[in-house]
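[1] got a structure for you, letters missing:
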């Protein structure tokens, strides 16, 4: 169960970082920030799947 909570914390941190990037992009629309947003979104997707797989172990 500890793995599940660790993944949730990791996911929460990634979402906070994504919100920060989105806020930065609103102020300064650069290709670099847009690429960071894309990469962070992909990372959030990966963490979400990992969280799901960990949760499925407890069902």
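    Cool, got the structure. Nothing here was measured: the structure is a model prediction, and the numbers come from that model. Numbering: from 1, shown residues only.
[2] What separation is there between the residue nearest the centre of the chain and residue 59?
    Central residue of the chain (C-alpha atoms, centre = their mean): residue 44, 2.9 Å from the mean position. Separation of residue 44 from residue 59 (C-beta to C-beta, to the nearest Å): 23 Å. Heads up, the C-betas are built off the backbone N, CA and C, glycines and all.
[3] what's the spacing between residue 40 and residue 14?
    Applying C-beta to C-beta to residue 40 and residue 14 gives a distance of 7 Å.
[4] again with residue 29
    For residue 29 relative to residue 14 (C-beta to C-beta), the value is 22 Å.
[5] Also residue 26?
    To residue 14, residue 26 is 19 Å away according to C-beta to C-beta.
[6] and what of residue 56?
    Counting by C-beta to C-beta, the gap between residue 56 and residue 14 amounts to 20 Å.
[7] Could you name the helices and strands sitting against whichever helix or strand residue 40 is part of?
    Assigned by DSSP states H and E, residue 40 belongs to helix 31-56. Judged by 3 or more C-beta pairs under 8 Å, 6 or more residues apart in numbering; DSSP states H and E, helix 31-56 is in contact with helix 2-27.
[8] so what does the helix it packs on touch, helix or strand wise?
    helix 31-56.
[9] what angle do the helix it packs on and helix 2-27 make?
    If you take axes from the mean of the first three to the mean of the last three C-alpha atoms, to 10 degrees, helix 31-56 sits at 160 degrees to helix 2-27.
[10] as a whole number, average confidence for helix 31-56?
    Mean pLDDT, helix 31-56: 97.
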